[in-house]
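Colleague: sequence? don't have it. structure:
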């Protein structure tokens with residue numbers, strides 16, 4: 001599996017929120033923004049509405065794995081920020097993978 005390049009800085013997340021393309025679903029919100037690095041980078045956030053720490057960490061693991069499976073197919077040169085929603089806690093990684101694929105395909109970031 002290829003290693004993920006991860007967004008860490010607050011300004012990188014804010015740039016995706018304010019200048020990126022937003023894709024909304026009851027399970028997952030996706031923001032996509034072009035970057036200047038030529039590689040696909042990913043950022044994952046979970047708010048306190050999602051649940052306590054165990055549930056938030058589980059959501060992050062599920063989202064990370066779903067994106068890792070799509071990584072060879074997604075367009076490089078973009079930042080992908082995923083925001084978990086409250087309904088993400090009760091979903092499996094297959095559900096999140098399916099939703100993520102639909103969102104990215106609809107936006108034109110998957111073939």
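Modeller: Received the coordinates, thanks. Just so it is clear, the structure is predicted and the values come from calculations on it, not from any experiment.

Colleague: and the longest helix for this protein?
Modeller: For the chain, the longest helix by residue count, based on DSSP state H, is helix 53-70.

Colleague: now the strands: where do they sit in the chain?
Modeller: 5-6, 21-24, 28-34, 41-46, 78-84 (DSSP state E).

Colleague: any buried residues in the longest helix of the chain, and which?
Modeller: Under the neighbour-count criterion of 16 or more other CB atoms under 10 Å, helix 53-70 has 55, 56, 58, 59, 60, 62, 63, 64, 66, 67, 70 buried. Where you see a C-beta, it was placed from the backbone N, CA and C, and this is true even at glycine.

Colleague: how many residues are close by the nearest residue to residue 109 once chain neighbours are set aside?
Modeller: Once flanking residues are discounted, residue 109 sits nearest to residue 75: 5.0 Å by CB to CB, 6 or more residues apart in numbering. Neighbourhood size, residue 75 [other CB atoms under 10 Å]: 15.

Colleague: and for residue 101?
Modeller: The number of residues packed near residue 101 is 16, by other CB under 10 Å.

Colleague: residues contacting it?
Modeller: Neighbouring residues of residue 101 by CB atoms under 8 Å, 6 or more residues apart in numbering: 70, 110.

Colleague: run the last query once more with 10 Å
Modeller: 66, 69, 70, 73, 74, 110 (CB atoms under 10 Å, 6 or more residues apart in numbering).

Colleague: possible to save the residues you listed as a markdown table with pLDDT?
Modeller: Shown next, in a markdown table, are the contacts of residue 101 (pLDDT from 0 to 100):
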| residue | pLDDT |
| --- | --- |
| 66 | 93 |
| 69 | 92 |
| 70 | 92 |
| 73 | 92 |
| 74 | 92 |
| 110 | 87 |
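
Colleague: could you check how far the residue nearest to the spatial centre of the chain is from residue 14?
Modeller: Nearest to the mean C-alpha position of the chain, counting by CA atoms, centre = their mean, stands residue 82 at 2.8 Å. To residue 14, residue 82 is 15 Å away according to CB to CB, to the nearest Å.
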